[in-house]
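>>> Requesting a structural model of the entry that follows:
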Amino acid sequence: MSISTALNIDYNIEYRSKNDDAWYLSGIIFENGNRLRVKFKEFPQSYYDEVFSIDDFSNHSDIDEFIGRFRDVSQPIEDNECSKVIQGMTVCAICRGFDGSIRYFDAIVDDVCYKQHTPAKCVCKYSLFWQRGPEKGYITATTLDDIWINTTGAVNPIVTEFAKLVESKLTAVSFQEHGGAGNSSHVKLSEGKERFCYELSDDDRDLGGLKDTGCHHYIILENLEKDLCPILMMQFIHEQTSITGQAYIFPNLSVETYARGVIMVDNISNIKRIYEFINNSNHIITSFSGRPWVIAEETLKTGTFNTNMQNLQPRSKHIYTGRDLMVVRVGTEEYSRAKQLKDLFMEYRNHLNGLARRLDMEEKKNQLSSIAN
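Now for the predicted structure:
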């Protein structure tokens, strides 16, 4: 996709301002091949614009922070749909200033007081724990009129393309500083987007896969589809969190109905964000067949991880459609079914863990008995 400068601005995205961390309905324009201009619908004068230059970015964390400032436009809630707002979910809410000004900030629903009312007018009360803005860290009460639901979608393509230009610039700088790209490797889908069809550099082929990049931060997942594509996993994670990393699927026994996998990044804050996304109680990640993802252990892991595993990855002729993974949300039938399956898997896993502890205890008893004899 090529980026073109827009003369007629389409205000179709929410942007979190660098000045006050509030969300504004905005439009974006790419300028001069190296700048992205954000224009605010409420403040069309150019001196209110916020401009990003490719030269403003010094590392990949800057890119993640930049992408995180953009999202789809939040949606209002009808009075007869107030049950959609539940405890623990993140919403976009109105924060009123002493001067009567209105700004929108993210907040977590701390408590809900549902009240009986007609479909035409909601009278429920909501307590919000503010994440940003002048009320950050405080809990205040509000009504449904002041609450908007965050929508989840793919990152705006213009934002994505600009981020790719920034990443290319950072890669070029790194190439110059280190005298070449011999210590990096890339994985991409081949033309046609067939799953598990990797294209590796010649150096990578000599090693049989991706090179070991040293210390990683990672999460181990269970109950994955046995033919799940690792590239698809990271495409999905990037769409939802704007974080880039790597994923691998472990070989499984023929009698097992599921697979295990790992998601790796090189930044502790990014692995925490991914963990919080996967472990969010407001939704469950499932395959298109409804199989829910399960985090194997609550502890985030750090250490050297051998990434030379390409030859062990499952292969399938299944074509990537973009619908292989889904986020199912609280209050939907899909969520209820996924929650039942997840609870059932947890019961199964807890039983296995109990057997493992029992086996470990018996083995230790045998060791002690051997020593005593």
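
>>> and residue 102, how many residues sit next to it?
Burial of residue 102 is recorded as 11 neighbouring residues (other CB atoms under 10 Å). (Each C-beta comes from the backbone N, C-alpha and C, glycine too.)

>>> Could you measure from it over to residue 44?
18 Å (CB to CB, to the nearest Å).

>>> swap in residue 53?
Taking CB to CB, one finds residue 53 at 22 Å from residue 44.

>>> go on, residue 325?
Counting by CB to CB - residue 325 and residue 44 are separated by 39 Å.

>>> between those two, who's got more neighbours?
Shown here are residue 325 and residue 44; by other CB under 10 Å, residue 325 has more neighbours (21 against 12).

>>> which residues pair with the more buried one across the strands?
residue 287 (DSSP bridges).

>>> swap in residue 217?
Going by DSSP bridges, residue 217 forms beta bridges with residue 265, residue 302.

>>> what sits against it?
264, 265, 266, 267, 268, 270, 271, 300, 301, 302 (CB atoms under 8 Å, 6 or more residues apart in numbering).

>>> pLDDT below threshold where in the stretch 51-200 of the chain?
152-154, 174-200 (pLDDT under 70).

>>> What are the buried residues along stretch 111-129?
Within stretch 111-129, the residues scored as buried using 16 or more other CB atoms under 10 Å are 112, 122, 124, 126, 127, 128, 129.

>>> Next step: those residues restricted to strands.
Among the buried residues of stretch 111-129, the members falling in strands (DSSP state E) are 112, 126, 127, 128, 129.

>>> quick one: the third one and residue 218, what's the gap?
To tie it back to what came earlier, the one meant is residue 127. Distance, residue 127 to residue 218, using CB to CB: 36 Å.

>>> Same question for residue 244.
Where residue 218 is concerned, residue 244 sits at a distance of 14 Å (CB to CB).

>>> do residue 136 as well
Applying CB to CB to residue 136 and residue 218 gives a distance of 31 Å.

>>> Looking at the two, which is more packed in?
Taking other CB under 10 Å, residue 136 and residue 218 do not tie; residue 218 has more neighbours (21 against 14).

>>> need the contact list for the more buried one.
262, 263, 264, 265, 271, 300, 301, 302, 305.

>>> Model confidence for it, exactly?
For residue 218, the pLDDT comes out at 88.

>>> And residue 266, by the same measure?
The model's pLDDT for residue 266 equals 81.

>>> Not counting its neighbours along the chain, what's nearest it?
Sequence neighbours aside, residue 216 is the residue nearest to residue 266 in space, at 6.3 Å (criterion: CB to CB, 6 or more residues apart in numbering).

>>> ok, residue 37 - how many residues close by?
So residue 37, with other CB under 10 Å, has 18 neighbours.

>>> Quick one: mean pLDDT over the strand or helix carrying it.
Using DSSP states H and E, residue 37 sits in strand 35-40. The average of the pLDDT scores along strand 35-40 is 95.

>>> In its sheet, which strands sit next to the helix or strand following it, and in what direction?
Using DSSP H and E, the helix or strand that directly follows strand 35-40 along the chain is strand 50-53. Here strand 50-53 has these sheet partners by DSSP bridges: strand 35-40 (antiparallel).

>>> Put the alpha carbons of stretch 89-106 into PDB.
Provided in PDB are the C-alpha atoms of stretch 89-106 (Å, rounded to 0.1, in the frame of the first residue of the first chain):
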ATOM      1  CA  MET A  89     -13.800  -3.400  31.500                       C
ATOM      2  CA  THR A  90     -12.000  -0.400  30.100                       C
ATOM      3  CA  VAL A  91     -14.200   2.400  28.600                       C
ATOM      4  CA  CYS A  92     -13.700   5.800  27.100                       C
ATOM      5  CA  ALA A  93     -15.500   8.400  29.400                       C
ATOM      6  CA  ILE A  94     -16.200  12.100  29.600                       C
ATOM      7  CA  CYS A  95     -14.200  14.100  32.100                       C
ATOM      8  CA  ARG A  96     -15.700  17.500  32.700                       C
ATOM      9  CA  GLY A  97     -13.500  20.400  33.700                       C
ATOM     10  CA  PHE A  98     -14.400  23.200  36.100                       C
ATOM     11  CA  ASP A  99     -14.700  25.500  33.100                       C
ATOM     12  CA  GLY A 100     -17.300  23.300  31.500                       C
ATOM     13  CA  SER A 101     -14.900  21.800  29.000                       C
ATOM     14  CA  ILE A 102     -15.300  18.100  28.000                       C
ATOM     15  CA  ARG A 103     -12.500  15.700  27.300                       C
ATOM     16  CA  TYR A 104     -12.400  11.900  26.900                       C
ATOM     17  CA  PHE A 105     -10.100   9.700  28.800                       C
ATOM     18  CA  ASP A 106      -9.800   5.900  29.400                       C
END
